[in-house]
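Asks: Sequence plus the predicted model coming up.
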Amino acid sequence: MLVRKILLIRLSWFVLLTLALLQVLSNTQIQTDIASFMPAGKNDQQRQLLEEIKQGSAARLWLIAITGEARDSDSQQIISQSQKLATSLRASGLFSSVVNGSAAIDDSLLQRLFRHRYLLDESIQEDSFSVTELRRALQRRLEEMTSPFSSFSKQLLVSDPTAVMRHVSDHLQGNQSTLESRNKVWYSSKKNRALLIASSKEPGSNIDAQEKAYNRILSTFKKTRGDINSSLIVSGAPLFAVAARESIRRESRQLSIAAGIFMLAFMFIVFRNGTLVLLSMLPIGAGLLIATAAVSLLYGSIHGITLAFGITLLGVTIDYPVHLFIHAKKTSSLQQAAVNIWPVLKLGVLTTALGYGAMIWTDFSGLSQLGVFSLVGLITAALVTRTLLPALKRDVPGQTSVLQRRVLSLMNGRWKSLAGTALLVFILVSLLGYKFFLPYDIWSRDITALSPVPAELIQQDRLLRSSLGLPEATSLIRVKGTDVEDVLKKEEQLKPVLEQAIQRNYITSFRSAAGLLPSIHTQQLRQTLLPDREALARRIDDALQGLPFRAESFKPFLDTVENSKSLGFLKPIDLRGTVIGTALDGLLSTTGQGVSGVIYLTGLQDIDALEKLIKAATLPQVTFINIKSGTNELMQGFRQEMLQRIAWVTVVILLVLLMGLKDILKSIRVITPVLLAVLFAALVPLWLGESLNIFHLVSLLLVAGLGLDYALFFNSIRDDQKNADTVTYSLVICSISSLVVFAMLALSNIPVLHAIGITVASGIVAAFVLSQMFSGSFRGKVKV
C-alpha cells in the first residue's frame, strides 16, 4: 500500500511538472516591454503619460555621431561614411527614418512642397502680396543675386520672388536648419563629427527590438568604416533602456553564479550528501516552473521583471527542504519529519502567502503577475517538500555532525540576548529621533535614482541633443482629437500660448505636427489670402519700377499663385514615406479613442509657470505632461496603495495566526519579532542615507515571509523541548544561506539589486535574533 502511494505521488508530480514544462517551452513568452510592467493610470493625465512612454517617438530616437581626426581629407571620409551608414540603416527595415542632413529631403518631396508652398508658409498675411512687400522682396533678391555667395538662382527668382520656399524649408527643419552641413550632410567642423538621427520602428518600451536596432547600428558602422580612422558615439532613450537591462542582466548573472556556487557548497557541507543537496533544490525549482506556467496561462505571457523578482521572493522556499532534512536526521525518516514539521510549516506558508497575495489585486499589471508567481511558487514548493521529497528518499543518516555541535554550542552564548537588546535599542532610537538622524523624506520621489545608466552616458546624450537642436523629453504637451484635422486645429490654437511662453522665457522653442503641416482649415484660409492673377500682375508691374527686372519674366510666379488658389490640400497621407511623413508619424498617433498629437518642448526653464499658462488657456483635450514628475506621482500612488494593502494583510495574518495557534500570547510572540524585523530592515537603508523605493517595499514582503518562518519554528520549541537543538540548527542554516545570498546583492552597484539585498539581508539578521529572543520572553505552557 505504501509503495503504491509513493508511486502515485511520484507519477502525479511527474505529470504536473511535465505539463508545466510543456506550457513554459511551447506557450510562454517572456516580455521585455517595460511599459507593460507599469501601473495603470488613474486619471487622464497619467494614462496619457503611460501612452507616451509606450508609444512616444522620443523613446524610439537614436542619436548617432561619427567622429574622425581633424583633417580636411579625413572629414570627406567621415561625410562619406555618414551617407553609407544612413543608406544601410534605411535598408535594414528596423528604422522608420534615418536622417543625416538636408539630403534627406529628396527631389520628389521638394517638388511637392514647392507646389504647396503658399499653403504651407505660415508667414503669409493679407499684405504679403502688396506692392510694398513685393518690392521689398525683389530688392532683397537683387542683393542676393549680386552676392558671390548667393545660392538663389534666376529660375527660382521668377517662380518664387518672395522666397516662400526658403521659409517653408527652414521652418520644416526647425532647429536643425541651423546645423552646419557639408555636402548636405550634418557635419561639425570643430569636432570633425557627422551627425545622424534614426527612429526605430518598434516602440521604445520593446527593449528586445531596441537592442536589435543598436546591434545593427554597431555592425553597420564597422562595415562602413573600412580603413577610416573613425569612432562611433550612440545615445538616446533606447540606448539607456538597452544599457540598463544589460547592466542588470550582467550583474545578476554574476551574482546568481556566485550565489549558486555558495549554496551548493554550503549545503554539501551541511548535509555531506550529494543526493540531499540536489533534492534541496527541487522545491524551489518546481515552484519556479509551475509559477511560470501559471502566470503565462493567466496573462498570456510573463514579464522578465516578474521572473527576476519572483525568483527573489521564492528565496524563502529554500528553507523548506533544509527544515525537512535536518529534522529527518533525528527521526531517520523523511516521511515522519514531514509530518512533524508540517503544522508549523503550513502556518508559515499560509501567512506568507497572504503577504504575497496582497500584490495580486492591483492596477499594477507587473505586480499582479508577481503576486500570482510568488503565491503559486510558494505553495508548490511547500507541497513538494511535504509530499514529493519523502516519496523520493525515505531515510536520512541520523548522526549529529561536527558542524551541528559547534553551531549549537555557539547558540548557547549570551550574545543572543545582547544582540536582541541592541536591535530593539536601535529601532527605538531611530523611531524617537528620526527627525534628527534620518532623511527628511524617507520615500524616494525620483524614479531616475533607480536607473543603472552611467552618468557619462546621460551627459553624452545631453551634448548630442544640444548639437542636433533636439529637445530633452522631460516635458511635453499631448493634444487629443477625433481625427488628425481636429488635432492640428487644436495645436494651431495652442500656438499663440506657446509663443507667449517663449517670450516669457519659459521655453526656447517647440515642435508640433501643426508646425510641419497646417490643418486643412488653415490651408483654406491661406488660399483666400492669395490675390487673383490680374491683381497680382498689376502689383508686380508697380513693384518693378526702377528695378532691373522684366515683368513678363515672372509668369511662372503668376501661374503658381493662380494654381495655388484651387490646389488640393496637403494631408499626412500625401507625405507618407517621406522624411516629413516620418516626422508626422512621431508627432501623431492613432488610438482607439481617436488621434493624439504630441508637442515637444526645448529649453524648458519654468515648468510650473508653463503648466499654469497652458491651463489658463482652457483648451479642450490639451494636457501638459511632466514625464519625470508624472512618473514619480504614478509610482507614489502605487506605493500608497501597496502600504494600505500591506496594512490590511497584516491584520488578516494576525487573525490567521490567532486561529492557527489558538493562543493570543503565542501569536504576539510570533508577529512582534516579524514586525520589528520589517521595521529594522526599513530603517537600515535610511541610516545609510538612502530613501525607500518600491523595491525596498517588495523586499519587505520577503523579510516578513522569512520572519514568520523563523518565529513559528522558534516558538514551536516551547512545547517540544526535545527538538530544540534540531529546530535551532535548521534555522541557523536557513538564515546563513539566505543572509549570504542577499548580502551579495547588497554589494551590487545596481540600485535595484542593492535595494533588495540590503533590505532582505538586514531583515534576516533582525528576524532571526528577535524571533529567538521573543520565543523565550514569555513564560507558561502554550499549546501549538
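Replies: Structure received.

Asks: after the lowest-mean-pLDDT helix or strand in the chain comes which helix or strand?
Replies: Of all helical and strand segments in the chain, the minimum by mean pLDDT, DSSP states H and E falls on helix 434-437, at a mean of 58. As assigned by DSSP states H and E, the chain's next helix or strand after helix 434-437 is helix 455-468.

Asks: Please name every helix or strand in contact with that following helix.
Replies: Other helices and strands packing on helix 455-468, by 3 or more C-beta pairs under 8 Å, 6 or more residues apart in numbering; DSSP states H and E, are strand 61-67, strand 193-200, strand 231-235, helix 237-271. Any C-beta I mention is one placed from the backbone N, CA and C, and that applies to glycine too.

Asks: Of those, which stretch is the most buried?
Replies: Mean neighbours per residue, mean count of other C-beta atoms under 10 Å, is largest over the helices and strands packed on helix 455-468 for strand 193-200, with a mean of 25.

Asks: partner residues bridging S333?
Replies: Beta-bridge partners recorded for S333 (DSSP bridges): D395.

Asks: Please tell me I have it right and it contacts K393.
Replies: No: in terms of C-beta atoms under 8 Å, S333 does not count as a neighbour of K393; the distance is 10.1 Å.

Asks: on that earlier part again, lowest average confidence across the helices and strands packed on helix 455-468, which one?
Replies: Mean pLDDT across those is lowest at helix 237-271; the value there is a mean of 83.

Asks: Report the angle between that helix and helix 455-468.
Replies: Here helix 237-271 runs at an angle of 170 degrees relative to helix 455-468 (axes from the mean of the first three to the mean of the last three C-alpha atoms, to 10 degrees).

Asks: what's in contact with stretch 157-177?
Replies: The contact list for stretch 157-177, computed with C-beta atoms under 8 Å, 6 or more residues apart in numbering, reads 102, 105, 113-114, 117-118, 120-124, 128, 133-134, 137-138, 140-141, 145, 152, 156, 186, 468-470, 509, 511, 515-516, 553-557, 560, 580, 602.

Asks: before we move on, back to that, quick one: closest of the helices and strands packed on helix 455-468 to F624.
Replies: The minimum distance between F624 and the helices and strands packed on helix 455-468 falls on helix 237-271, with 20.1 Å, by C-beta to C-beta.

Asks: which other helices and strands contact that closest one?
Replies: Packing partners of helix 237-271 (3+ C-beta pairs under 8 Å, 6+ apart): strand 61-67, helix 207-225, helix 274-280, helix 319-331, helix 455-468, helix 724-746, helix 751-775.

Asks: can you give me the angle the next helix or strand after the first one makes with helix 207-225?
Replies: Put plainly, it is strand 61-67. Remark: after strand 61-67, the chain's next helix or strand is helix 72-91, criterion DSSP H and E. Orientation check (the same axes, to 10 degrees): helix 72-91 against helix 207-225 gives 140 degrees.

Asks: same question for helix 72-91, mean pLDDT?
Replies: Averaged across helix 72-91, the pLDDT comes to 83.

Asks: Give the buried residues for that helix.
Replies: Across helix 72-91, burial judged by 16 or more other C-beta atoms under 10 Å covers 75, 77-86, 88-90.

Asks: need the residues you listed in JSON lines with distance to S475, can you?
Replies: Below are these laid out as JSON lines (distance: C-beta to C-beta, whole Å):
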{"residue": "S75", "distance to S475": "37"}
{"residue": "Q77", "distance to S475": "40"}
{"residue": "I78", "distance to S475": "34"}
{"residue": "I79", "distance to S475": "35"}
{"residue": "S80", "distance to S475": "38"}
{"residue": "Q81", "distance to S475": "35"}
{"residue": "S82", "distance to S475": "31"}
{"residue": "Q83", "distance to S475": "35"}
{"residue": "K84", "distance to S475": "36"}
{"residue": "L85", "distance to S475": "32"}
{"residue": "A86", "distance to S475": "30"}
{"residue": "S88", "distance to S475": "35"}
{"residue": "L89", "distance to S475": "29"}
{"residue": "R90", "distance to S475": "31"}
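
Asks: just the residues you listed now: which is nearest G357?
Replies: Nearest member of these to G357, counting by C-beta to C-beta, is L89, at 48.0 Å.

Asks: ok, now which ones touch that closest one?
Replies: Here L89 is in contact with 95, 98, 198, 216-217, 220 (C-beta under 8 Å, 6+ apart).

Asks: Please apply the same query to Q125.
Replies: L529.

Asks: could you measure it against F510, distance?
Replies: Separation of Q125 from F510 (C-beta to C-beta, to the nearest Å) stands at 22 Å.

Asks: follow-up on the earlier one: quick one: which of the contacts of L89 is nearest to N749?
Replies: Lowest distance from N749 to these (C-beta to C-beta) belongs to I217, with 26.5 Å.

Asks: Identify the residue nearest that closest one in space, chain neighbours excluded?
Replies: Using C-beta to C-beta, 6 or more residues apart in numbering and skipping the chain neighbours, the partner closest in space to I217 is V234 (6.0 Å).

Asks: which residues pair with the one you found across the strands?
Replies: Beta bridges link V234 to I64, judged by DSSP bridges.

Asks: could you pull out the helices for the stretch 51-200 of the chain?
Replies: With DSSP state H, counting those that start in this stretch, the ranges of helices along the stretch 51-200 of the chain come out as 72-91, 107-115, 117-120, 131-146, 154-159, 164-173.

Asks: make that the stretch 301-450 of the chain, sorry
Replies: With DSSP H, counting those that start in this stretch as the criterion, the stretch 301-450 of the chain has helices at 304-313, 319-331, 334-357, 365-383, 389-392, 402-411, 415-432, 434-437.

Asks: what does the average pLDDT come to for the fourth one?
Replies: This points to helix 365-383. For helix 365-383, mean pLDDT is 89.

Asks: could you check the angle helix 319-331 makes with it?
Replies: Going by the same axes, to 10 degrees, helix 365-383 makes 10 degrees with helix 319-331.

Asks: Give the helix, strand or coil label for L701.
Replies: Classification of L701 by DSSP: H, G, I helix; E, B strand; the rest coil places it in helix.

Asks: Leaving out chain neighbours, which residue sits closest to it?
Replies: Nearest residue to L701, sequence neighbours excluded (C-beta to C-beta, 6+ apart): G355, at 5.1 Å.

Asks: burial measure for the spatially closest residue to D127 that is not a sequence neighbour, as a count.
Replies: The shortest distance from D127 to any non-neighbouring residue, by C-beta to C-beta, 6+ apart, is to E133 (5.8 Å). By other C-beta atoms under 10 Å, the residues close to E133 number 15.

Asks: Same question for the one 10 residues further on.
Replies: For E143, the neighbour count with other C-beta under 10 Å is 11.

Asks: cool, A293 as well?
Replies: The burial count for A293: 23, using other C-beta under 10 Å.

Asks: Kindly report the same for the one 3 residues further on.
Replies: The burial metric for S296, expressed as a neighbour count using other C-beta under 10 Å, is 20.

Asks: what about it, distance to Q369?
Replies: 10 Å.

Asks: and for those two, which residues touch both?
Replies: Joint contacts of S296 and Q369 (C-beta under 8 Å, 6+ apart) are I302.

Asks: Can you pull out the low-pLDDT segments for the stretch 301-450 of the chain?
Replies: Scanning the stretch 301-450 of the chain for pLDDT under 70 picks out 363, 397-402, 408-417, 419-420, 429-440, 446-450.
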